[in-house]
Each structure stands twice: as structure tokens, then as C-alpha cells.
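**Q** Quick one, what's the 3D model for this:
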Amino acid sequence: MKRGLPAFRMVSRCAAVAIALSTATAESWAGSIFVSGHDSDFHASQGPNAIGARDIINDALTFTRNGNGAPILFIQSNTSNIGLGDHVDSALGLQASGYTAGNIAGNHYVTVNATNFLTTDLSLYSAIFVPSDHGGTLTGDDLQALNSRAADIVAYLNAGGGLVAFAEDGDRVPASVGPQPTNFGFLPFLVTSAALSIFEGNNQLTAFGSSLGLTVNDINGNFSHNIFTSTGGMNVVDMFANGQILSLAYRGEISTGGVVPEPGSLALLGLGVAGIALSRRKRAT
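**A** The predicted model follows:
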């Protein structure tokens with residue numbers, strides 16, 4: 001009867017497979033997401049902490065574009081939300097943060113309405129910019145269009161695209177047809193968000209948030225309008241002092257159910273299983 005591989009050879013082969021798995025799939029793990037309860041698109045042009053709001057917009061877009069110089073896709077059908085009070089044109093926030101309209105590389109954005117978004121080739125853009133509905137100009141029609149392309153957006157992200165989305169609490173002009181669409185429905189694993197309008201006085205920044213370039217001053221001094229009650233596996237960027245989550249970010253593969261484990265994590269899991277099997281074999285012999 002043939003004897004099994006020596007333990008060290010089996011572990012070596014497992015390690016080689018793990019490294020190969022990680023190398024083969026790493027390039028497809030480039031999509032980046034930043035979602036937040038901040039309405040930085042409002043405060044970037046209105047204050048009171050305009051500089052902090054601009055920093056959030058810039059750091060979020062730098063992270064999600066991940067070196068891609070293609071223009072940003074900005075969805076805005078109209079500015080009807082302004083009539084609700086406490087809203088401004090979200091384009092002003094982008095402009096105050098250093099972005100200009102134009103379909104060229106660099107810090108430029110292209111505006112599409114809800115109807116045109118349905119047929120837009122997302123791959124032509126470095127990131128999708130979703131304005132806030134409380135403070136900004138995200139209407140029900142816009143959100144309905146985004147939600148209807150949830151599968152396309154997930155595929156776009158997994159192909160290396162980016163997405164930035166600010167506060168959604170339902171304070172928006174309703175969709176023209178049907179009930180109000182679901183907040184953050186274009187990322188189905190984030191529909192656990194909850195409305196919460198509050199002044200930002202003692203927000204806490206995580207180590208991951210600091211790695212994006214943000215500071216504690218950036219995330220305080222304005223207002224925010226929703227929290228996230230679960231992460232979907234993403235990284236927490238900042239939170240209230242009581243731990244309620246304000247912003248999340250992630251770079252890697254996602255599904256409609258949330259984050260897909262990284263190859264390195266899968267490799268470690270595989271090695272752990274192999275180690276357990278070897279231990280049991282030794283005990284058996």
C-alpha cells in the first residue's frame with residue numbers, strides 16, 4: 001500500500017496552491033467602494049466645515065478611482081430636491097472640491113439623468129458618484145435607476161470600477177412611478193442603513209479611515225443623515241462615539257450579499273484545513 005506524502009511536502013504543496021490562487025486572482029480584485037452618512041456634497045459648498053467636506057469627497061474619489069484617470073459619472077436628473085429646503089445642487093460640492101464638467105481624463109465629471117443612466121456604459125468611467133438625497137440632489141428617479149442596475153454595478157466594481165455614495169435617508173423628491181425606492185438598493189447588502197440626522201461633534205476615525213488620508217477634523221463639524229447597521233464585510237471608516245457606523249469603504253470583490261473573502265484569506269483557510277487533516281493523520285498512525 002502506498003504511503004501518503006510526508007507532512008512537510010503536503011503543506012508545501014498547499015502553500016504553492018495558495019500562492020498561485022492569490023496571484024491568479026489578485027488583478028480582478030480592484031473595485032473600490034466608499035459609502036457614507038455624511039452629505040459632503042452639500043457641505044463642500046455650504047459649510048460650516050467646507051474644507052472637511054471637500055477632503056472627504058477628494059479622499060473618497062482618490063480611493064475609489066484607484067489611479068484611473070477616466071472621468072467620473074455623476075447621476076443627476078434635476079435639482080428638484082432644492083425645493084424641499086436644506087438641499088443644494090450636488091454639482092456645486094464637486095466643483096468646490098476641484099472637479100469640473102467634461103468628458104476628458106483628469107478631475108472631470110459627466111452628468112447623466114436617470115433615463116440615460118439605464119443605458120450608460122459604466123466601463124467608460126473611473127467611478128460612479130451618487131449624491132446625497134438629504135442635502136444633495138439625488139431624487140427618487142435617480143435612485144430607482146441606480147437600483148435597477150444593481151447587478152451591472154456589482155459587475156462594474158468587480159471589473160475595477162469605483163463608487164462613491166453619500167447620505168440617503170429618503171428626504172428627496174419621490175420617484176415619478178411607484179413607491180420610494182430602497183436606500184442604497186444598488187448595493188443590496190447595505191439596505192440595513194438607518195436614517196439619523198445629527199450634528200457631527202465627536203466622531204471617531206478608524207485606522208483604516210486614516211489610511212485614506214482623512215483626519216478627525218474632516219469628519220466633524222457638519223451634519224450627517226444616516227448610519228449603517230451592518231458592514232457587509234467592508235471596512236469602517238468613521239463612526240459616532242457610541243460606535244454607530246457613519247462611513248464604510250472597501251477594495252476587492254463583492255457580490256449582492258456582500259464582500260467576497262480575499263484570496264489570502266481563502267489560502268489561509270485552506271492551509272488551516274490541511275494542517276488539521278495532517279494532525280488527525282498523525283494521531284491515527
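
**Q** List the contacts of whichever helix or strand Val154 is part of.
**A** Using DSSP states H and E, Val154 falls within helix 150-158. The set of residues that contact helix 150-158 without belonging to it, under CB atoms under 8 Å, 6 or more residues apart in numbering, is 28, 31-33, 122-123, 128, 146, 163, 185-188, 253-256. C-beta coordinates here come from the backbone N, C-alpha and C atoms, glycine included.

**Q** on contacts alone, who are the packing partners of whichever strand or helix holds Leu143?
**A** Taking DSSP H and E as the definition, Leu143 sits inside helix 140-148. Other elements packing on helix 140-148 under the criterion 3 or more CB pairs under 8 Å, 6 or more residues apart in numbering; DSSP states H and E are strand 72-75, helix 114-117.

**Q** Buried deepest among these, which one?
**A** Taking mean count of other CB atoms under 10 Å as the contact definition, the stretch among these with the greatest mean neighbour count is strand 72-75, which reaches a mean of 24.

**Q** what about it, average pLDDT?
**A** Across strand 72-75, the average pLDDT comes to 98.

**Q** Pull the distance from that strand to the chain's centre.
**A** Distance of strand 72-75 from its chain centroid, counting by CA atoms, centre = their mean, to the nearest Å, is 15 Å.

**Q** Pairing partners for it, with directions?
**A** strand 108-112 (parallel), strand 127-130 (parallel) (DSSP bridges).

**Q** Give me whichever of these is most buried.
**A** The highest mean neighbour count among the strands paired with strand 72-75, using mean count of other CB under 10 Å, belongs to strand 127-130: a mean of 28.

**Q** I would like the residues contacting it, please.
**A** Under the criterion CB under 8 Å, 6+ apart, external residues in contact with strand 127-130 comprise 32, 61, 64-65, 68, 72-75, 94, 109, 122, 138, 142, 146, 153, 156, 161-166, 186.

**Q** Could you tell me the model confidence score at Asp141?
**A** Confidence at Asp141, expressed as pLDDT, is 95.

**Q** Contact partners for it?
**A** Counting by CB under 8 Å, 6+ apart, Asp141 touches Ser77, Asn113, Ala114, Val173, Ala175, Ser176.

**Q** I appreciate the help and will end here.
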